[in-house]
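K.L.:
Sequence and predicted structure are below.
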Amino acid sequence: MQYDSKAPIYLQVVNAIKADIVNGTLKCGDKLPSGRDLAMQYTINPNTSARVYQELEAQGACFTKRGMGTYVTEDTEMIKKFKEEMAEEALSVFLRSMKELGITTDESIEMVRSHPKI
């Protein structure tokens with residue numbers, strides 16, 4: 001993973017994991033890697049991986065079963081909420097960028113409609 005120096009690493013990892021939950025790579029109830037394995041996977045400090053899990057749990061993205069590990073939330077409404085929030089953020093960034101180029105919202109919409117499907 002390429003890290004952006006403008007944002008804390010733990011939040012970037014949190015967002016990457018939430019994206020995996022939203023896009024279905026990680027499913028409801030899936031067991032997440034141990035803190036040590038997460039640290040190796042993302043090449044981060046084990047203390048940072050602990051902070052990642054604390055933040056994910058605080059946001060409702062996962063839960064911990066003592067002695068068993070950390071699991072993806074089974075709350076589908078929470079996952080839907082994450083998806084909506086992430087889509088809203090992506091849309092805001094896109095529209096802000098288009099505005100900086102002098103392109104109106106209507107022009108942006110037309111460009112998206114006429115763009116070949118990816």
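P.N.:
Sure thing, it's come through. Numbering: from 1, shown residues only.

K.L.:
and residue 43, how many neighbours?
P.N.:
10 (other C-beta atoms under 10 Å). For glycine as for every other residue, the C-beta is placed from the backbone atoms N, C-alpha and C.

K.L.:
Can I take it that residue 26 is in a strand?
P.N.:
No. Membership of residue 26 in a strand is not supported by DSSP: H, G, I helix; E, B strand; the rest coil, which gives coil.

K.L.:
how close does it sit to residue 74?
P.N.:
12 Å (C-beta to C-beta, to the nearest Å).

K.L.:
Compare these two (neighbour count), which wins?
P.N.:
Shown here are residue 26 and residue 74; by other C-beta under 10 Å, residue 26 has more neighbours (21 against 12).

K.L.:
Model confidence for the closest residue to residue 56 other than its chain neighbours, exactly?
P.N.:
Counting by C-beta to C-beta, 6 or more residues apart in numbering, residue 62 is the residue found nearest to residue 56 once chain neighbours are left out, at 4.6 Å. Residue 62 carries a pLDDT value of 97.

K.L.:
Name whatever forms a beta bridge with residue 62.
P.N.:
Counting by DSSP bridges, residue 62 is bridged to residue 72.

K.L.:
and it, what does it touch?
P.N.:
Residues near residue 62 by C-beta atoms under 8 Å, 6 or more residues apart in numbering: 32, 53, 56, 70, 71, 72, 73.
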